[in-house]
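Participant: Here is a sequence together with a model predicted from it:
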Amino acid sequence: MEARDHLPASSTTNELNGNGAVVNQADAAAEEDYIDLGQYWMALKRRWFSAVLVFASTVGLAAAYSFQQEPIYQSNSKLMIEENSEGGPTEELPLGEGLFSQGEKNIANHIEIVKSSPIIQDVINNLNLTNDEGEPLEPKSFREKLSVSNLEETDILELNYDSPNPETAQKVLDELMAVYQEHNVDGNRSQAKAEREFIEEQLPKTRKELKQAEQELRQFKEQHNIIALSEEAASTVKSLSELDEQLIQSQANLNDAKTRIEELSAQLGLPMEQGMAAGALTQSEGVQSVLEEYQTVEQELAVAQSRYQPEHPRIQQLTERKETLESLLKERVKAVIQEELPGEPTSGDLNLQLSDFKVDIVEKLAQAKVDYQAQQSRLEALKEEKQQYQQRKANLPQLEQRQRELERQVQVLQNTFEQLSKRLQEVKIAEQQTQSNIRIVEPAAIPEEPISPRIPLNLALGGILGAMLGIATALMLDARDRTLKTVQEIKNQLNYTMLGSIPLFGKEASALPLRDKPRSSVSESFRMLQANLKFSQVDEQLQVIVVSSSVPGEGKSTVTANLGMALAEMGKKVLIVDSDLRRPSQHQVWEEPNAVGLSNTLVEPDQLSGAIKELDTNLYLLTAGAPPPNPIALLDSQRMTDLLEQLRQDYDYILLDTPPIAVAADSAMLGNMAQGTLLVVRPNVTDQTSLTATKEMLQRSGQPLLGMVINGVNPKDEPDSYYYYYARDYYAADSEENGKTSKKSLFGINGGKAQK
């Protein structure tokens, strides 16, 4: 069998999809990131009962809660805070705020006063309010039923009170507003009195502090002979400003010289030091004469090397002459650099000969360097002069700061004294106030309809919450279920060639639909499987096939039996061998005895002919036989190999029904003796872990894989539309009875209707 029929290596970056096409793993990862709403819809269909149960429970609880609640009535009223009450304090004190000052803080104060315990307690006492036990109502319980808020952009307070009795709700608000008005009048009077006493106490102290501050200011000016301190400071500041301008100009000149140095160095193509050194060497006659002679010797040596061998006396003479001139040239270069540019390096890559243009640039570079040093010296001198001015100015800010402090202190005390005097007259008038600055805008009314429970709203919210919880429950239950649900999930997990898909035909149906219902869609799916199995092998005749699965319960034995019948229908001589020596089932499918079978023939080969039973035309069965103590030892023996070779001579196809791959190693042993393995996978039975383990086991064993057949496909669980055709038979089941032919649809598999 060719390498293409084996499992793809796990180390590759590409894999085969169900149709044999190469699929890039990066594309597969991108598809996994795609949110498929159809998957969520299928999960809800699978878990609809749990979702409906949670939804109904949530709605029921919401309904029970709503109908059991006691009706609550709410009464409303409105109060307005007058901006200016007769004689009332309306302005803020310099040393604090009045109790009823206007603004946002004032409104917030009123809200807290209305909800304060003294006012609430007066209302409770006046109305004899009690709780459910008949005891006096606590202010905390009263406050829980009361709400006070400020209407936006107004000075109006809205009061709400909740009560099971609508008349009680109205009476409570009326009494609350009356009590609050009384407290408001008393509060205004007490506040004004407290303010008057405070001002009368503070006024003499403020007058005394003002006189003392004025005296300290006068003594300070006399001590330091201050007449016009600000003019002296202004003169110093002006001088410093002029120095700053000179510093800026000097810094600009310095930057300009530096820029010229950089530009000239860039034109020269050398750093400044190397450029100046190169200029000095270019203008040195001693260096240039030796350099010209050195270049002449180099040319002669090059000509001689092209004519003579390296050992020729002429070449040796020129070479010695070149070395002598090179040594002399280095000495003269060193002498020139030390004489013209002391302190500069005497070694390294130096240009010994510059053009006239570059020599001119070197001269400009030297002049720029001189300008740079001059500007740098001037900048340092200006900085030193500025520092001297700053030292002279150091004492002026201290004196000016002290003078401002004294003047500010006098000004503050003067303003405070004037405001206290004015405020004293105002609070004396406010103390005589007899009217409230609280006005009732809207009296409380008896409510007609309860505000709670809101049964329609509660039921609607319960329905929304129930739907969300139901969907979440269904998705969570489906997520916890690790089994693969659909054909597409199995194909994505394995990436094996899909040879067929068998519809779900129910537990009550026969396990052999090809025998009992040959004209059903299930029977046609097995015929399609044998056709695809035949087409999967082109280069080699397929004869021995291992049929296995990942875990028990996937229907491998049923698939083996029906596949054998489908092959026999095509005129092929087929032998079904029950190789599951641990839990054999073929004898139960065919209702045949299992006294003598595969295990017996492996021990006593002469029993083979008697152990094989003829089931139908071209169809034979070799049951498992008596359970051996060590099945793997029998199956992995030379006798098993010989037996298969012997059976090859007599049968066109040999189907080996083996234990699940994840349960026992039997299928791996037999797979290497066969020409291919057919893997049976069943949705809602196998899980991702088992399939992964099976895939790894098949890869390690290296056995050839023909492909997979998906058994028990339920069209209702498949999001792809073509699986819908499983729901109907292509043939009319009752055509022989009523003579009518129904419209049927052919089921879809790999190679049938194209998958979306």
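Facilitator: Yes, it's here. Numbers count the residues shown, from 1 in each chain.

Participant: Only C-alpha atoms from now on, for both contacts and neighbour counts.
Facilitator: Noted.

Participant: Secondary structure element holding Ser548?
Facilitator: Per DSSP states H and E, Ser548 falls inside strand 544-549.

Participant: To clarify, my last question referred to Arg207.
Facilitator: helix 166-223.

Participant: Show me what that helix is packed against.
Facilitator: On a contact count with 3 or more Cα pairs under 8 Å, 6 or more residues apart in numbering; DSSP states H and E, helix 166-223 meets strand 73-81, helix 117-127, strand 156-163, helix 395-430, strand 438-442.

Participant: Can you flag the weakest of the ones you listed by average pLDDT?
Facilitator: Of all these, mean pLDDT reaches its minimum on helix 395-430 (a mean of 82).

Participant: Could you check the angle that helix makes with helix 166-223?
Facilitator: 140 degrees (axes from the mean of the first three to the mean of the last three Cα atoms, to 10 degrees).

Participant: ok, back up a step: please tabulate the helices and strands packed on helix 166-223 in a markdown table, including the columns distance to Lys334 and mean neighbour count.
Facilitator: Shown next, in a markdown table, are the helices and strands packed on helix 166-223 (distance: least, Cα to Cα, whole Å; neighbours: other Cα atoms under 10 Å):
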| stretch | distance to Lys334 | mean neighbour count |
| --- | --- | --- |
| strand 73-81 | 100 | 22 |
| helix 117-127 | 103 | 17 |
| strand 156-163 | 99 | 21 |
| helix 395-430 | 59 | 15 |
| strand 438-442 | 105 | 16 |
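
Participant: can you tell me which of those comes nearest to Ser557?
Facilitator: strand 73-81 (72.5 Å; Cα to Cα).

Participant: Using CSV, write down the CA coordinates of the closest one.
Facilitator: Output of strand 73-81 as CSV, limited to C-alpha atoms (Å, rounded to 0.1, in the frame of the first residue of the first chain):
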residue,chain,number,x,y,z
TYR,A,73,-49.2,52.2,48.0
GLN,A,74,-47.1,55.3,47.5
SER,A,75,-48.2,58.9,48.2
ASN,A,76,-46.4,61.9,46.8
SER,A,77,-46.0,65.5,47.8
LYS,A,78,-43.7,68.4,46.9
LEU,A,79,-42.0,71.2,48.9
MET,A,80,-40.2,74.3,47.6
ILE,A,81,-37.2,75.9,49.4
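
Participant: so what strands line up beside that strand?
Facilitator: Strand pairing for strand 73-81, using DSSP bridges, gives strand 156-163 (antiparallel), strand 438-442 (antiparallel).

Participant: which element follows that strand toward the C-terminus?
Facilitator: Once the chain leaves strand 73-81, the next helix or strand it forms, by DSSP H and E, is helix 104-114.

Participant: and that following helix, what's its mean pLDDT?
Facilitator: 83.

Participant: Can you check what angle separates it from strand 438-442?
Facilitator: Angle, helix 104-114 to strand 438-442, by the same axes, to 10 degrees: 80 degrees.

Participant: going forward can the numbers begin at 400, since that is how I track them
Facilitator: Done: numbering now begins at 400, and the last item shifts to helix 503-513.

Participant: Quick one: list the elements packing against helix 503-513.
Facilitator: Applying 3+ Cα pairs under 8 Å, 6+ apart, one finds that helix 503-513 contacts strand 545-549.

Participant: Can you pull out the residues in contact with stretch 867-874?
Facilitator: By Cα atoms under 8 Å, 6 or more residues apart in numbering, the list of residues contacting stretch 867-874 from outside reads Tyr439, Ala442, Leu443, Arg446, Trp447, Ser449, Ala450, Val451, Leu452, Val453, Phe454.

Participant: how about that stretch: buried residues?
Facilitator: The neighbour-count check on stretch 867-874 (16 or more other Cα atoms under 10 Å) flags Leu868, Gly869, Ile870, Thr872, Ala873, Leu874 as buried.

Participant: Please name the nearest non-neighbouring residue to Ser1089.
Facilitator: Ser949 (6.2 Å; Cα to Cα, 6 or more residues apart in numbering).

Participant: Least confident of the buried residues of stretch 867-874?
Facilitator: Among the buried residues of stretch 867-874, Ala873 has the lowest pLDDT, at 71.

Participant: where does the stretch 700-849 of the chain have low pLDDT?
Facilitator: Filtered on pLDDT under 70, the stretch 700-849 of the chain yields the residue ranges 728, 731, 734-766, 791-792, 794, 830-834.

Participant: Please enumerate the helices of it.
Facilitator: Assigned by DSSP state H, counting those that start in this stretch, the stretch 700-849 of the chain shows helices spanning 712-739, 755-792, 794-829.

Participant: related to what we said a few turns ago, CSV for the helices and strands packed on helix 565-622, including distance to Asn1071?
Facilitator: Output for the helices and strands packed on helix 565-622, formatted as CSV (distance: least, Cα to Cα, whole Å):
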stretch, distance to Asn1071
strand 472-480, 84
helix 516-526, 91
strand 555-562, 84
helix 794-829, 102
strand 837-841, 96
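
Participant: These: which one's closest to Glu594?
Facilitator: helix 794-829 (6.8 Å).

Participant: Which strands or helices does that closest one pack on?
Facilitator: Secondary-structure packing of helix 794-829 (3+ Cα pairs under 8 Å, 6+ apart): helix 565-622, helix 628-667.

Participant: quick one: that helix to helix 628-667, angle?
Facilitator: Per the same axes, to 10 degrees, the angle that helix 794-829 makes with helix 628-667 is 130 degrees.

Participant: what's the distance between helix 794-829 and the middle of its chain?
Facilitator: The chain centroid and the centroid of helix 794-829 are separated by 60 Å, computed with Cα atoms, centre = their mean, to the nearest Å.

Participant: shouldn't Ala591 be in contact with Val826?
Facilitator: Yes. Using Cα atoms under 8 Å, Ala591 is in contact with Val826, at 5.3 Å.

Participant: Dump the strands paired with strand 472-480 into CSV; add distance to Gly861 as well.
Facilitator: Below are the strands paired with strand 472-480 laid out as CSV (distance: least, Cα to Cα, whole Å):
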stretch, distance to Gly861
strand 555-562, 24
strand 837-841, 37
